[in-house]
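Student: Got a predicted structure here, sequence first:
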Amino acid sequence: MNLKSLGWNQTFEEAFKAYENQLLVPGRISVEHKGLYDVLTEHGELLGEITGKIRFNATGRHDYPAVGDWVAVSAVPQEGKAYIHGILPRKSKFSRKAAGLTTEEQIVATNVDTVFLVNATNQDFNLRRLERYLLMAWESGATPVIVLSKADLCDDVQKYMDEVETIAFGVPTFAVSAESGIGLDALSSFIKEGETVALLGSSGVGKSTLANKLFGQEVLKTNDIREEDGKGKHTTTHRELLVLENGGILIDTPGMRELQLWEGDNSLRQSFQDIEAFAEQCRFRDCTHNNEPGCGVQTAIETGELDEERYNSFLKLQRELAYFARKEDQKLALAERARWKKIAGDRTRVHRK
């Protein structure tokens, strides 16, 4: 297993120079277990464990390895083990808020070049959900590509293409069928040696079937969907990075129906360029787009140029991001305070000795 086939490049090589004098080697996280990691290295696949230093300095989930990460490890190939000493800077990171009531980041995948946002052309198609995926894709630093799957089962594919065009400005969009082969050649152009593609979408949209066709081998298990509502079971139960024999790297993810944002403030304008353009036409610079005279946004809604549902979705995402930003600031402050309190306590005990 050579590093180039895992996605190693000049950027990561430069970053790894900080570890060169520590007798460490690079590896890439392929699977995350509870407290342990499968790490792909030039010595093969090793079972990795993080060091106490990483655990001690961690202030949140982002300080721990995730699927797709490049890490510096001390390898013990004769035992099939590795010890993770550091995480190389990520060139992209796809995160969401973890499911449940706690305010916690869940890193879905890192160091991704292209994100295939897979949506089925059936009754489960959801434009508002796609807006969220797009926002998170832009924020991650990866290039989004919209894939409308099951095109052979749809009577009016153009209708879905037109709907996507109203929210995805300049994003490549392809209608495909894994069964008939429609559109697969266009997607294949994104799959190259050393390039990482992540598959994201709800359960039942055909991610696993699509991956098997694109990569020319049975790399993922598949499940049928329920015909009555077009929804599927979670075929993929965990995130996993796969290196394909014919070139390219695939990160498969479980279907995500609950997709709460974690970050995306920087990409909100990019995802909602139409609303930003209408806001530029407002008479007042501090317009709140409610009852002010000469509001460009409200005028666009009245004339039908802007869909009111899309504007309401924009406001909801804006409020969601602001809420989690406030919660995260509080959480980071508490974590930092606890860390310094622990350091001070350790120094006091040493001094007493």
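Tutor: Good, I have the coordinates. This is a predicted model, so every value here is computed, not measured.
Student: Tell me where the stretch 101-250 of the chain has strands.
Tutor: 105-110, 114-120, 143-149, 173-175, 196-200, 240-243, 249-252 (DSSP state E, counting those that start in this stretch).
Student: Output the below-cut-off pLDDT ranges for the stretch 101-250 of the chain.
Tutor: Scanning the stretch 101-250 of the chain for pLDDT under 70 picks out 101-104, 217, 219-237.
Student: same thing but 50
Tutor: 225-227, 229-236 (pLDDT under 50).
Student: show me where it has helices.
Tutor: Chain-ordered helices for the stretch 101-250 of the chain, with DSSP state H, counting those that start in this stretch as the definition, fall at 127-140, 157-165, 184-188, 207-214.
Student: Export those helices to JSON lines and append columns for distance to residue 316 and mean neighbour count.
Tutor: The way it works is simple: take the backbone N, C-alpha and C, and place the C-beta from them, glycine included. Listed next are the helices of the stretch 101-250 of the chain as JSON lines, based on distance: least, CB to CB, whole Å; neighbours: other CB atoms under 10 Å:
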{"stretch": "helix 127-140", "distance to residue 316": "9", "mean neighbour count": "22"}
{"stretch": "helix 157-165", "distance to residue 316": "19", "mean neighbour count": "15"}
{"stretch": "helix 184-188", "distance to residue 316": "31", "mean neighbour count": "14"}
{"stretch": "helix 207-214", "distance to residue 316": "26", "mean neighbour count": "22"}
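Student: Nearest approach to residue 176 belongs to which of those helices?
Tutor: With CB to CB, the closest approach to residue 176 among those belongs to helix 184-188: 6.0 Å.
Student: ok, now how distant is residue 210 from residue 113?
Tutor: Counting by CB to CB, to the nearest Å, the gap from residue 210 to residue 113 is 17 Å.
Student: and the helices of the stretch 101-250 of the chain as TSV, adding distance to residue 196?
Tutor: Below are the helices of the stretch 101-250 of the chain laid out as TSV (distance: least, CB to CB, whole Å):
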stretch	distance to residue 196
helix 127-140	12
helix 157-165	24
helix 184-188	15
helix 207-214	13
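Student: so which of the ones you listed gets nearest residue 118?
Tutor: helix 207-214 (5.1 Å).
Student: The residue nearest to residue 280 when sequence neighbours are not counted: neighbouring residues, count only.
Tutor: Excluding its sequence neighbours, the residue lying closest to residue 280 (CB to CB, 6 or more residues apart in numbering) is residue 296, at 6.8 Å. By the criterion of other CB atoms under 10 Å, residue 296 has 19 neighbours.
Student: Next up, phi/psi of residue 296, please.
Tutor: Per-residue torsions, residue 296: phi -70, psi -30 (degrees, to the nearest 10).
Student: Going forward, the N-terminal residue is numbered 57.
Tutor: That works, and once the first residue is 57, the last one we named lands at residue 352.
Student: hang on, the earlier thing: out of the strands of the stretch 157-306 of the chain, which is closest to residue 375?
Tutor: Judging the strands of the stretch 157-306 of the chain by CB to CB, what sits closest to residue 375 is strand 161-166, at 18.7 Å.
Student: Can you check what angle separates the closest one from helix 183-196?
Tutor: When axes from the mean of the first three to the mean of the last three CA atoms, to 10 degrees is applied, the directions of strand 161-166 and helix 183-196 differ by 80 degrees.
Student: and strand 161-166, how far from the chain's centre?
Tutor: In terms of CA atoms, centre = their mean, to the nearest Å, the centre of strand 161-166 is found 6 Å from the chain centre.
Student: mind checking the SS state of the spatially most central residue of the chain?
Tutor: Residue closest to the mean C-alpha point of the chain, counted by CA atoms, centre = their mean, is residue 150 at 2.6 Å. Under the three-state scheme (DSSP: H, G, I helix; E, B strand; the rest coil), residue 150 adopts strand.
Student: Is it in contact with residue 198, as I believe?
Tutor: Yes: if you go by CB atoms under 8 Å, residue 150 and residue 198 touch, sitting 6.8 Å apart.
Student: shared neighbours of these two, which are they?
Tutor: Residues touching both residue 150 and residue 198 by CB atoms under 8 Å, 6 or more residues apart in numbering: 168, 171, 254.
Student: In JSON lines: the residues you listed, plus neighbour count and distance to residue 96.
Tutor: Formatted as JSON lines, the shared contacts of residue 150 and residue 198 follow (neighbours: other CB atoms under 10 Å; distance: CB to CB, whole Å):
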{"residue": "168", "neighbour count": "29", "distance to residue 96": "16"}
{"residue": "171", "neighbour count": "31", "distance to residue 96": "21"}
{"residue": "254", "neighbour count": "28", "distance to residue 96": "16"}
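Student: Nearest to residue 129, out of these: which one, please.
Tutor: Residue 129 lies nearest to residue 168 out of these, by CB to CB, at 21.1 Å.
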